[in-house]
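J.: Sequence below, structure please.
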Amino acid sequence: MYSQPKIDIREVVNLLGLKVDPKCSINSDTFNVQCPFCRDKKYHMNINAEKNVYSCVLCSKEKGQGALDLYSRVVHGERCVKGQNSKKIFMELCDALHLGGPSERKTEVKERPSLPRILRADDDTVGKTYAALLAFEPLALTEQHRENLKRRGFSDETIDRNEYRSLGQNYDWLGEYSDSRSLYRRLRSAIKENKKLRHKREDEIVAGLALAQHLLKLGCTLAGVPGFYKIGDSWSFNITPGMLVPTRNMKGQVVALQVRRDKPENWETKNKDRKFLRYMTVSSKGLPAGVTEGISRAHFPLANPPLSKDVHVCVTEGPLKADAASELLGSDAKVFFIALHGTMNTKELPGFFKLCKEKGIERIENAFDMDKTTNFHVAEAGKGVWKKAKAAGLSVAVRCWDEDFAKKKYRELGILCANHDIFVPTSLNVFVDVAAMARALEAAGVEHSVETLPDGTEVKHYWDDATKGIDDYLLTQKQQKTNS
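T.: Numbers count the residues shown, from 1 in each chain. Prediction:
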């Protein structure tokens, strides 16, 4: 039986001439390149040399595709399937890389060590540790972050109840933790040896050490809690500066954390080819003793009404978005939100949908951002939600808003379709028509919703930012009522 050895995916990246993010190194265990499939000019495709796989955050429907598949899709426009064309692709790739055949290659390839599997602790353990972390006084919410939340429609009462915090805003408080500074100096050699830690600021690591030691003194468990890792024998917390947003389960326990990152000054000037990732889930994956699985969780706002057949259940993306939408709608609206850490993190949906069915709920509403009608990738994520709901015996309605902008989009895409001889039948629903035209243009390979900035950079602009998310739309409506 033919046994297919591995080819280092970095060799394939070099062979295909994929452009590597200037901020990364192709010799790293993980780095980003420009995606050759979705035509995006940013660096959205991640190459994980440790696992020998690739995945684009914009267009990969399946995670973890390998080196042969990357080569086959770019060169031949088809997937590499084991038992069908994998041997042929492998032999062709060996020739292209001037390598020997399978028998020779087996002796040359060295297996890369994989990350040890570190499971997440149970919700009670994680919840207790995160509760103590949020109570840590130096992480108190700054006035800047509080004002940001108020501009989103939050009241002071809700801000305090939801326990938003500020991470890495200043490190003045470290003067009270001189032991952590001394500990950092003792661990400096181990820090420099770690590829991820060597680039972090000293104060960030010292603050992480201080926070971890504080929690240990309170009797908290750090093993199995995402965000915590070890330097030698000492625990630390992986700090990313920004506003800390709790993710809660249906019991109200904090089971994950996200950071709404503060954009550094002059980011656009220094990083013209890089997209600024505003939200990051707190993680220590890839760091010593860092959790590798179960890091992202679904979020249930504290303002949710009891789950019953009398409520509208909406699936959206982002804990802060769901919190804001709940606040703006008010309790009388009887809308129950479940928010995902990104549209692809749907692992908890089957269990939740089963519970909905048991409660007598018959329909789920897709409340993803409005670019679900114009952005192919968000639309595909919506299909994934629909499949999981259908498996639970539920129907799915697509919740849409901002008909005025939809009409503007209808005219814009209609002109594009006409210019390319693309005919799309119309319906009585402008949102349906916009989605149909966007799909037709995507299938024809026609760029749409692309905006050229003054510096010549092209960015995709699928929907009006003021109303793209359900929270943005509700806030806009509130402001219009206030001003009228």
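
J.: which residues of the stretch 51-200 of the chain fall in strands?
T.: In the stretch 51-200 of the chain, the strands defined using DSSP state E, counting those that start in this stretch lie at 53-56, 65-66, 165-167.

J.: Please convert those strands to JSON lines, extending it with distance to H420 and mean neighbour count.
T.: Any C-beta I mention is one placed from the backbone N, CA and C, and that applies to glycine too. Converted to JSON lines, the strands of the stretch 51-200 of the chain look like this (distance: least, Cβ to Cβ, whole Å; neighbours: other Cβ atoms under 10 Å):
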{"stretch": "strand 53-56", "distance to H420": "25", "mean neighbour count": "21"}
{"stretch": "strand 65-66", "distance to H420": "31", "mean neighbour count": "20"}
{"stretch": "strand 165-167", "distance to H420": "48", "mean neighbour count": "23"}
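
J.: Of these, which is nearest F228?
T.: With Cβ to Cβ as the measure, strand 165-167 is the member of those nearest F228 (13.9 Å).

J.: Show me what that closest one is packed up against.
T.: strand 242-248 (3 or more Cβ pairs under 8 Å, 6 or more residues apart in numbering; DSSP states H and E).

J.: what packs against the helix or strand that the strand it packs on is followed by?
T.: With elements assigned by DSSP states H and E, the helix or strand that comes after strand 242-248 is strand 254-261. Contact partners of strand 254-261 among helices and strands, from 3+ Cβ pairs under 8 Å, 6+ apart: helix 123-134, strand 242-248, strand 279-281, helix 319-329.

J.: thinking again about what came up before, put together JSON lines for the strands of the stretch 51-200 of the chain, with distance to C38 on each row.
T.: JSON lines is the format used below for those (distance: least, Cβ to Cβ, whole Å):
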{"stretch": "strand 53-56", "distance to C38": "6"}
{"stretch": "strand 65-66", "distance to C38": "14"}
{"stretch": "strand 165-167", "distance to C38": "32"}
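
J.: I'd like a version of the ones you listed in a markdown table, one that adds mean pLDDT and distance to S28 as further columns.
T.: A markdown table is the format used below for the strands of the stretch 51-200 of the chain (pLDDT from 0 to 100; distance: least, Cβ to Cβ, whole Å):
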| stretch | mean pLDDT | distance to S28 |
| --- | --- | --- |
| strand 53-56 | 88 | 14 |
| strand 65-66 | 84 | 18 |
| strand 165-167 | 96 | 25 |
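
J.: For G127, which of these is the nearest?
T.: When the strands of the stretch 51-200 of the chain are ranked by proximity to G127, the top entry is strand 165-167, at 15.5 Å, counting by Cβ to Cβ.

J.: Pairing partners for that closest one, with directions?
T.: As defined by DSSP bridges, the strand partners of strand 165-167 come to strand 242-248 (antiparallel).

J.: in the stretch 51-200 of the chain, which ranges drop under the pLDDT threshold?
T.: 60-64, 98-115 (pLDDT under 70).

J.: Could you look up the SS state of the residue nearest to the spatial centre of the chain?
T.: In the chain, the centroid-proximal residue (Cα atoms, centre = their mean) is G342; its distance is 4.6 Å. Three-state call for G342 (DSSP: H, G, I helix; E, B strand; the rest coil): coil.

J.: And for the one 4 residues further on?
T.: Three-state call for T346 (three-state DSSP): coil.

J.: Can you verify my assumption that it contacts I338?
T.: No - the criterion here is Cβ atoms under 8 Å, and T346 misses it with I338 at 10.2 Å.

J.: Name the residue in those two with the higher neighbour count.
T.: Between T346 and I338, I338 has the larger neighbour count (other Cβ atoms under 10 Å), namely 23 against 17.

J.: ok, so what distance separates the residue nearest to the centre of the chain from F368?
T.: Look at G342 and F368: by Cβ to Cβ, to the nearest Å, they are 10 Å apart.

J.: Now for the two: what residues contact both?
T.: Common neighbours of G342 and F368, using Cβ atoms under 8 Å, 6 or more residues apart in numbering, are E317.

J.: quick revisit: so which of the strands of the stretch 51-200 of the chain gets nearest V313?
T.: Distance to V313, taken as Cβ to Cβ, is lowest for strand 165-167 among the strands of the stretch 51-200 of the chain, at 28.6 Å.

J.: which stretch among the helices and strands packed on strand 254-261 comes nearest H199?
T.: Closest approach to H199 among these (Cβ to Cβ): strand 279-281, 15.6 Å.

J.: Which other helices and strands does the closest one contact?
T.: Where contact means 3+ Cβ pairs under 8 Å, 6+ apart, strand 279-281 is packed against strand 254-261.

J.: what separates the strand it packs on from the chain centre, distance-wise?
T.: Computed by Cα atoms, centre = their mean, to the nearest Å, the chain-centroid distance of strand 254-261 equals 12 Å.

J.: ditto for stretch 460-474
T.: In terms of Cα atoms, centre = their mean, the centre of stretch 460-474 is found 18 Å from the chain centre.

J.: what's the first-to-last distance across it?
T.: Start and end residues of stretch 460-474 are separated by 23 Å (Cα to Cα, to the nearest Å).

J.: got the contact list for it?
T.: Counting by Cβ under 8 Å, 6+ apart, stretch 460-474 makes contact with 40, 152-153, 314, 316, 318, 320-322, 324-325, 328-329, 367, 369-371, 373-375, 399, 401-402, 405, 409, 449-451, 476, all of which sit outside it.

J.: That stretch: which residues count as buried?
T.: For stretch 460-474, the neighbour count (16 or more other Cβ atoms under 10 Å) marks 460, 462-464, 467-474 as buried.

J.: same check, this time on stretch 388-406
T.: Residues of stretch 388-406 classed as buried: 388-389, 392, 394, 396, 398-402, 405-406 (neighbour count, 16+ other Cβ under 10 Å).

J.: Show me those residues that map onto helices.
T.: Applying DSSP state H to these, the entries found in helices are 388-389, 405-406.

J.: out of these, who's nearest L174?
T.: K388 (45.6 Å).

J.: surely the closest one meets L349?
T.: Yes - between K388 and L349 there is a contact at 4.7 Å, judged by Cβ under 8 Å.

J.: Find me whatever residue is spatially closest to P425, sequence neighbours aside.
T.: Among residues not flanking P425 along the chain, A436 sits closest, at 7.5 Å (Cβ to Cβ, 6 or more residues apart in numbering).

J.: So the one you found sits against V424, correct?
T.: Yes - with contact defined as Cβ under 8 Å, A436 reaches V424; the gap is 4.9 Å.

J.: can you list the helices and strands packed on strand 254-261 in a markdown table and add distance to Y71?
T.: A markdown table is the format used below for these (distance: least, Cβ to Cβ, whole Å):
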| stretch | distance to Y71 |
| --- | --- |
| helix 123-134 | 40 |
| strand 242-248 | 38 |
| strand 279-281 | 31 |
| helix 319-329 | 38 |
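
J.: which one of the ones you listed lies closest to S72?
T.: strand 279-281 (31.6 Å).

J.: Point out the other elements, helices or strands, that the helix or strand following the closest one touches.
T.: Using DSSP H and E, the helix or strand that follows strand 279-281 in sequence is strand 312-317. Judged by 3+ Cβ pairs under 8 Å, 6+ apart, strand 312-317 is in contact with helix 319-329, strand 335-340, strand 363-366.

J.: ok, now with 7 Å
T.: If you count contacts as 3 or more Cβ pairs under 7 Å, 6 or more residues apart in numbering; DSSP states H and E, strand 312-317 packs onto strand 335-340, strand 363-366.

J.: which among the contacts of stretch 460-474 end up buried?
T.: Taking 16+ other Cβ under 10 Å as the criterion, what is buried in the contacts of stretch 460-474 is 40, 152-153, 314, 316, 318, 320-322, 324-325, 328-329, 367, 369-371, 373-375, 399, 401-402, 405, 409, 449, 476.
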